[in-house]
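S.K.: okay, sequence plus prediction incoming.
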Amino acid sequence: QLQLVESGGGLVQPGGSLRLSCAASGPTFNVYAIGWFRQAPGKEREGVSCISSGGGSIVFPVSVKDRFTISRDNAKNTVFLQIDSVKPEDTAIYYCARYFDGFCSSSSTWVAYWGQGTQVTVSS
């Protein structure tokens, strides 16, 4: 059974940075796209960023394009999400997701596995 374990969340002040990690168990990690979604209180879960099996990355919400960077280390079965210049509106539970194949999508329809989530709170 595949497991995705997120880490790196916590309390951060506005303007700060943090890096989320998603460690995956199981083989063939590198053939799948891995993404990050987030869900703020009272809001729907939204796709934030994704990296394909070929290493191509995409950030979905226009509001975070210049602040979020996704990367992957296939040797360590790990995907990272770097968040810079954090804002209070970034407060959410961030979920790691493995897609059904190597291609990215902003829709959760194409997600095969979810991590348990890590809380990010931006507050002074």
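M.R.: Happy to help now that I have it.

S.K.: who is Ile93 paired with across the strands?
M.R.: Counting by DSSP bridges, Ile93 forms beta bridges with Gln39, Gln119.

S.K.: residues touching it, list them.
M.R.: Contact analysis of Ile93 by Cβ atoms under 8 Å, 6 or more residues apart in numbering lists 38-39, 117-120. Bear in mind the C-beta positions are built from the backbone N, C-alpha and C, glycine included.

S.K.: ok, of these, which one's closest to Tyr32?
M.R.: Gly117 (19.0 Å; Cβ to Cβ).

S.K.: run a quick neighbour tally on that closest one.
M.R.: Counted with other Cβ atoms under 10 Å, residues neighbouring Gly117 total 18.

S.K.: with adjacent residues omitted, what lies nearest to it?
M.R.: Closest residue to Gly117 apart from its sequence neighbours, by Cβ to Cβ, 6 or more residues apart in numbering: Ile93 at 4.3 Å.
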